[in-house]
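Asks: Here you go, sequence then predicted model.
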Amino acid sequence: MMMSVRSWLTRGIYFLILTTSIFYNAVEGEHHQVTGSSQAILARAGEDVTLPCRIEPSRRAARLTVEWSRADLEPVYVHVRQQGHEASHSVNPLYRRRTALFVRELPQGNISLMLSGARLSDEGSFKCYVPNLHSSTLVQLRVGLVSQPVIFITGPKQDDDDGFALTCDSGCWYPRPEVSWLDSGGNLLPSADPSVTGGGPGDCYTVRRNVTVRAGAGRVTCRVHLPHINHTVETHHVIPFPDHNSTQPTSVGVMTVIRIRSIVIRNVIIGSVLASVCCIGGCIALLAYCLLRKKAVPDSKTCKYAFFKSYLFVLKLFH
C-alpha cells in the first residue's frame with residue numbers, strides 16, 4: 001500500500017515538473033524581435049524627432065537592456081538603459097542630455113528614441129539593440145536645413161512699362177534645394193537658370209532665381225523644395241493690374257519719383273548752403289570795408305543797414 005502511494009506521488013511530481021517545463025518552454029520559446037522603420041526618418045534641423053523601435057510581439061521592456069548606437073562614432077553609444085536605469089556615462093558626449101526613451105510605454109515594448117534638436121551631423125544610421133533578445137534593427141535618419149524664401153522686385157521689365165522683374169532668394173538650405181516659379185494656377189513659369197552660392201564644407205546653399213511677369217499676373221509663387229527630406233516652403237507675391245487712369249504711380253514709379261525728389265532736395269540744400277556762405281562772406285566784407293573806410297563814407301548807417309538786411313536774408317534761407 002505504501003509503495004502504491006509513493007509510486008502515485010512520484011508520478012504526480014514528475015507530471016507537475018513536466019507540465020511546468022512545457023509551459024515555461026512555450027513562453028520562452030515565443031520568438032521576440034526588435035523592429036524599426038523600413039523608410040528613412042526625415043527631419044528639419046532644430047526640431048525634435050522620434051526614431052521608432054519596438055519589441056514584437058509586445059513584451060515588457062522596463063527591466064531589459066536597451067542600446068542605441070552609431071557605428072561611425074567613438075564611443076558608439078547614443079543612449080543606453082540597463083536594468084531600469086539610464087547609463088549616461090557610456091554615451092557619446094554629442095548625445096548627452098539630447099536623448100530619451102518613452103519610459104511610460106516601455107511596458108508595451110516601445111523602445112523608440114526621442115532625439116532633441118536634430119542637427120545636420122545627426123544624419124546617419126542608428127542601431128536599436130536589445131541584448132537579452134539578441135535582436136537589433138537599423139533606423140536611417142535624414143536631416144535637412146530649410147528657411148523661408150524671400151521675393152524681391154528688382155525692377156521693371158525691359159522695354160515694357162507693364163512688366164516686372166522678380167527675384168526669389170531661397171535663404172540658407174542644406175543640401176541644395178530646387179527653386180521654381182509658379183503662376184496663380186500652379187503652373188511653372190519660364191524663368192532664368194538659378195544662381196547658387198555656398199555649399200562648401202559646413203556651409204549651406206543659397207539659390208536665387210529670376211522671373212519676369214506682366215502686370216496683372218495676380219499671385220505668383222516662389223517654391224523651394226528639398227527632395228532630401230521631401231520638404232517644401234513657398235512664398236507668394238501679388239502683381240496687380242496696371243491703372244493707367246490713376247494718378248498714383250506704380251511701385252516702380254514711386255521709387256523713381258522718390259529718387260528724383262531726393263536729388264532735387266539735395267541740390268536745393270547744397271545751393272542754399274553755398275548761397276548762405278556767399279552772403280555771410282559778403283556781409284563780413286561789407287562791414288569790414290565800412291569800418292576801415294569810416295572817414296571816406298560819412299554815413300556809416302548805410303553800411304550797418306546793408307549788413308542788417310543781409311543777415312535777415314540768411315535767416316530766411318535757413319528757415
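Replies: Thanks, I have the structure now.
Asks: Domain parsing of this protein, as residue ranges.
Replies: What automatic domain parsing lists as the domains of the chain is 31-144, 150-239, 251-318.
Asks: Please convert the ones you listed to TSV, extending it with mean pLDDT and mean neighbour count.
Replies: The C-beta positions use only the backbone N, C-alpha and C, and glycine is treated the same way. Shown next, in TSV, are these (pLDDT from 0 to 100; neighbours: other CB atoms under 10 Å):
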stretch	mean pLDDT	mean neighbour count
domain 31-144	95	16
domain 150-239	91	16
domain 251-318	52	12
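Asks: next structured bit after the helix or strand where Y129 lies?
Replies: Using DSSP states H and E, Y129 sits within strand 124-130. With elements assigned by DSSP H and E, the helix or strand that comes after strand 124-130 is strand 135-144.
Asks: residues making contact with that next one?
Replies: Residues from elsewhere that reach strand 135-144 (CB atoms under 8 Å, 6 or more residues apart in numbering): 32-37, 40-45, 49, 51-53, 115, 118-120, 122-130, 173-175, 226, 228-229, 231.
Asks: So what are the sheet partners of it and their directions?
Replies: Here strand 135-144 is paired, per DSSP bridges, with strand 41-44 (parallel), strand 124-130 (antiparallel).
Asks: Next, please give the residue ranges for the helices of the chain.
Replies: 2-28, 251-292, 301-318 (DSSP state H).
Asks: separation between the closest residue in space to S69 that isn't next to it in sequence and S90?
Replies: Excluding the flanking residues, the one nearest S69 by CB to CB, 6 or more residues apart in numbering is V76, at 4.4 Å. To S90, V76 is 9 Å away according to CB to CB, to the nearest Å.
Asks: ok, now T206?
Replies: Counting by CB to CB, the gap from T206 to S90 is 40 Å.
Asks: Equivalent analysis for I55, please.
Replies: Going from I55 to S90 by CB to CB gives 22 Å.
Asks: Next, the closest residue to I55 other than its chain neighbours: phi, psi?
Replies: In space, and not counting its chain neighbours, I55 is closest to G109: 3.8 Å by CB to CB, 6+ apart. Main-chain torsions, G109, degrees, to the nearest 10: phi 90, psi 10.
Asks: what residues are up against G109?
Replies: 54-61.
Asks: Now those residues in a markdown table, please, with extra columns for distance to R219.
Replies: Compiled in a markdown table, these are given as follows (distance: CB to CB, whole Å):
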| residue | distance to R219 |
| --- | --- |
| R54 | 45 |
| I55 | 51 |
| E56 | 49 |
| P57 | 53 |
| S58 | 51 |
| R59 | 55 |
| R60 | 56 |
| A61 | 52 |
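Asks: Which pair of these spans the longest distance?
Replies: E56 and R60 (13.4 Å; CB to CB).
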